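Asks: with the sequence up front, the predicted model follows.
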Amino acid sequence: MTTPDINWYPGHIAKAEKSLKEQLKRVDVVLEVRDTRIPLSTHHPQVPEWVGTKARVLVLNRMDMITPSVRQMWTEWFRERGEMPYFTDAQHGKGIVAVAKAAQAAGEQMNQRRSDRGMLPRPVRAVVIGFPNVGKSALINRLLGKRVVESARRAGVTRQLRWIRISDQIELLDAPGVLPSRLENQSAALKLAICDDIGDASYDNQRVAAALVDFLKNLNSPDADLFLVKSLESRYGIDPVPLTGEEYIHAVANHRHKGDVERTARQILNDFRTGLLGAIPLELPPNTR
């Protein structure tokens, strides 16, 4: 199946990135939110440059969509690299308190430095950044304890930057999702499409659903066989092991939907995105055996 490369960089993202760079000068703490199913593919390559010497809190959202054993693998991998990941399920409010405390602690260090220079303390200024649809708005609403920003299970809902006062101690900048202007790594782009972290106008559902099956077949995880056999075979009644992803989509279409491949592709993607296939990662820490 030959389709164009996946690329999606709408005008509002380019505009938001420009505003974000300007606002970052005023920020003390950066909360970087990634999708826990694809924590490497949802890392914007320019984040280290944007963050500079500021404090950064790494938030891996949608923790309910991977197994505890995979979560542990990522925790160890990030810690080996000197990072502490905070796992959240912003939709249901899990892990939010720890994130708020981490942001607060980083802010206290900033105020200590101000105090050392004879300046008065001020509220911590934090920004939430990440790819579209990784759960930034849901996280902000949970940190605030009420719904103040629109949150939806689709990419590109937040369009403008704005400051929100969370408490006497923290002010938060809500920023639209940011994407690299060009997605050089098409494997990562496919994962973004599978996880619905990119606009659906940018990809072909059949190609993306076939890629999902192939990713699951190649997943090097202690739970990989469980994911494959239990998830795909029990859900659709066909063993994926002897087939390519594309062959599997066609086989399921013939078996269940009178050969309607597009409908089948949409169903498989939706089943994965809503958790009906189970708690399945698409990425594991590199060098995991």
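Replies: Received the coordinates, thanks.
Asks: show me the strands in the stretch 151-289 of the chain, by range?
Replies: Secondary structure of the stretch 151-289 of the chain by DSSP state E, counting those that start in this stretch: the strands cover 162-165, 170-174.
Asks: CA atoms of the first one as PDB?
Replies: Meaning strand 162-165. Extracted in PDB, the C-alpha atoms of strand 162-165 (Å, rounded to 0.1, in the frame of the first residue of the first chain):
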ATOM      1  CA  ARG A 162      -3.400  31.500  28.100                       C
ATOM      2  CA  TRP A 163      -2.400  31.800  31.800                       C
ATOM      3  CA  ILE A 164      -4.500  30.100  34.500                       C
ATOM      4  CA  ARG A 165      -4.100  30.700  38.200                       C
END
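Asks: from here on, call the first residue 5.
Replies: With the count now opening at 5, the last piece we talked about shows up as strand 166-169.
Asks: so what are the sheet partners of it and their directions?
Replies: strand 174-178 (antiparallel) (DSSP bridges).
Asks: nearest to H47, of the strands of the stretch 155-293 of the chain?
Replies: Proximity to H47 (CB to CB) singles out strand 174-178 among the strands of the stretch 155-293 of the chain, at 19.6 Å. Placement of C-beta: from N, CA and C, glycine included.
Asks: now the closest one, how far from the centre of its chain.
Replies: Distance, stretch centre to chain centre, for strand 174-178: 20 Å (CA atoms, centre = their mean, to the nearest Å).
Asks: rewinding a little: so which of the strands of the stretch 155-293 of the chain gets nearest V33?
Replies: Using CB to CB, these put strand 174-178 closest to V33, at 8.5 Å.
Asks: could you give the mean pLDDT of the closest one?
Replies: The pLDDT scores in strand 174-178 average 83.
Asks: pull the CA atoms of it into PDB?
Replies: The C-alpha trace of strand 174-178 is given here as PDB (Å, rounded to 0.1, in the frame of the first residue of the first chain):
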ATOM      1  CA  ILE A 174       1.200  28.300  40.900                       C
ATOM      2  CA  GLU A 175       0.200  30.000  37.600                       C
ATOM      3  CA  LEU A 176      -0.100  27.700  34.600                       C
ATOM      4  CA  LEU A 177       0.300  28.400  30.900                       C
ATOM      5  CA  ASP A 178      -2.000  26.300  28.800                       C
END
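Asks: what comes into contact with that strand?
Replies: Applying CB atoms under 8 Å, 6 or more residues apart in numbering, the contact partners of strand 174-178 are 27, 31, 104, 107-108, 111, 127-132, 140-141, 144, 147-148, 153, 162, 165-170.
Asks: number of residues surrounding the closest residue in space to I100 that isn't next to it in sequence?
Replies: Excluding the flanking residues, the one nearest I100 by CB to CB, 6 or more residues apart in numbering is R146, at 4.4 Å. For R146, the neighbour count with other CB atoms under 10 Å is 24.
Asks: how about the contacts made by R146?
Replies: By CB under 8 Å, 6+ apart, the neighbours of R146 are 92, 94, 97, 100.
Asks: got any ranges where the stretch 105-254 of the chain has weak pLDDT?
Replies: By pLDDT under 70, the low-scoring segments of the stretch 105-254 of the chain are 150-164, 184-187, 224-234.
Asks: quick one, longest helix in the protein?
Replies: Ranked by residue count under DSSP state H, the longest helix found in the chain is helix 100-120.
Asks: now it against strand 174-178, angle please.
Replies: 110 degrees (axes from the mean of the first three to the mean of the last three CA atoms, to 10 degrees).
Asks: helix/strand/coil for the residue nearest to I100?
Replies: What DSSP: H, G, I helix; E, B strand; the rest coil gives for R146 is helix.
Asks: surely Y90 touches V103?
Replies: Yes - under the criterion of CB atoms under 8 Å, Y90 makes contact with V103 at 5.0 Å.
Asks: hmm, back to that, quick one: list the elements packing against the longest helix of the chain.
Replies: Secondary structure elements in contact with helix 100-120, counted by 3 or more CB pairs under 8 Å, 6 or more residues apart in numbering; DSSP states H and E, are strand 33-39, strand 59-65, strand 89-92, strand 128-134, helix 140-148, strand 174-178.
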